[in-house]
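*Asks:* sequence-free structure coming up:
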């Protein structure tokens with residue numbers, strides 16, 4: 001009981017913070033998600049040198065254009081996006097994650113998972129809920145100050161890019177993030 005009395009105020013504050021970060025949060029239609037995915041891909045290509053080459057080699061690209069994260073000790077993360085194969089949206093997904101530990105703040109970001117291997121893409125699509133770091137190792141690619149890619153990790157089956165961060169949040173990781181297919 002003492003644990004809950006200590007944790008409950010932090011959880012309440014984290015949820016309130018998340019609510020403040022996402023004031024207009026509502027379920028988006030498939031068309032709205034597609035527009036956001038297009039905008040995120042355009043921003044990715046403009047901000048990251050070499051993005052076109054990575055996307056050209058992709059077997060599939062999962063774009064989560066608006067991922068919101070907030071936390072004070074305990075944290076949560078949510079967003080929706082689309083999986084594109086051959087430039088067309090084939091499915092919609094959400095990302096959900098919970099975390100605890102040293103974290104403070106709120107943030108909005110975009111995440112792009114690039115499947116560079118057919119088997120990794122098929123495993124993702126066949127899953128009921130795919131968890132980064134559990135169902136597959138995901139290499140988080142660093143983007144340099146000049147917008148250049150750290151290409152040393154581009155030989156992995158699944159690579160991820162996080163960009164467009166707005167807000168302040170310490171703790172950048174995809175480990176434990178769960179991606180689940182949703183209907184739109």
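*Replies:* Received the coordinates, thanks. Since the structure is predicted, the reported quantities are computational estimates derived from the model, not experimental observations.
*Asks:* Next secondary structure element downstream of the strand or helix carrying residue 131?
*Replies:* Assigned by DSSP states H and E, residue 131 falls within strand 130-131. For strand 130-131, the following helix or strand on the C-terminal side (DSSP H and E) is strand 139-140.
*Asks:* Can you list the residue ranges for strands in the protein?
*Replies:* 60-85, 88-115, 130-131, 139-140, 158-169, 178-182 (DSSP state E).
*Asks:* tell me what the third one is packed against?
*Replies:* Same thing as strand 130-131. strand 178-182 (3 or more C-beta pairs under 8 Å, 6 or more residues apart in numbering; DSSP states H and E). Every C-beta, even on glycine, is put in place using the N, C-alpha and C of the backbone.
*Asks:* Sort out which residues of the strand it packs on are buried, please.
*Replies:* 178, 179 (16 or more other C-beta atoms under 10 Å).
*Asks:* quick one: average pLDDT of that strand?
*Replies:* For strand 178-182, mean pLDDT is 93.
*Asks:* That one pairs with which strands?
*Replies:* Paired with strand 178-182 in the same sheet, following DSSP bridges, are strand 88-115 (antiparallel), strand 130-131 (antiparallel).
*Asks:* which residues sit against the last one?
*Replies:* With C-beta atoms under 8 Å, 6 or more residues apart in numbering as the test, strand 130-131 has contacts from 123, 124, 136, 176, 177, 178, 179, 180.
*Asks:* Pairing partners for the closest residue to residue 89 other than its chain neighbours in the sheet, please.
*Replies:* Among residues not flanking residue 89 along the chain, residue 82 sits closest, at 4.2 Å (C-beta to C-beta, 6 or more residues apart in numbering). Beta-bridge partners for residue 82, by DSSP bridges, are residue 63, residue 92.
*Asks:* Hmm, residue 92 and residue 82 touching each other?
*Replies:* Yes - Residue 82 lies in contact with residue 92 (C-beta atoms under 8 Å); the separation is 5.4 Å.
*Asks:* so what's in contact with those two at the same time?
*Replies:* Common neighbours of residue 82 and residue 92 (C-beta under 8 Å, 6+ apart) are 30, 33.
*Asks:* that older thread, got a list of what the residue nearest to residue 89 touches?
*Replies:* So residue 82 contacts 30, 33, 34, 37, 62, 63, 89, 91, 92, 93 (C-beta under 8 Å, 6+ apart).
*Asks:* The most centrally placed residue in the chain: what's it in contact with?
*Replies:* Nearest to the geometric centre of the chain sits residue 111, at 3.8 Å (C-alpha atoms, centre = their mean). Residue 111 sits next to 63, 64, 67, 79, 81, 95, 160, 161, 162, 174 when contact means C-beta under 8 Å, 6+ apart.
*Asks:* Could you check how far the residue nearest to the last one when sequence neighbours are not counted is from residue 138?
*Replies:* Of all residues not flanking residue 174 in the chain, residue 132 sits nearest, at 4.4 Å (C-beta to C-beta, 6+ apart). Separation of residue 132 from residue 138 (C-beta to C-beta, to the nearest Å) stands at 5 Å.
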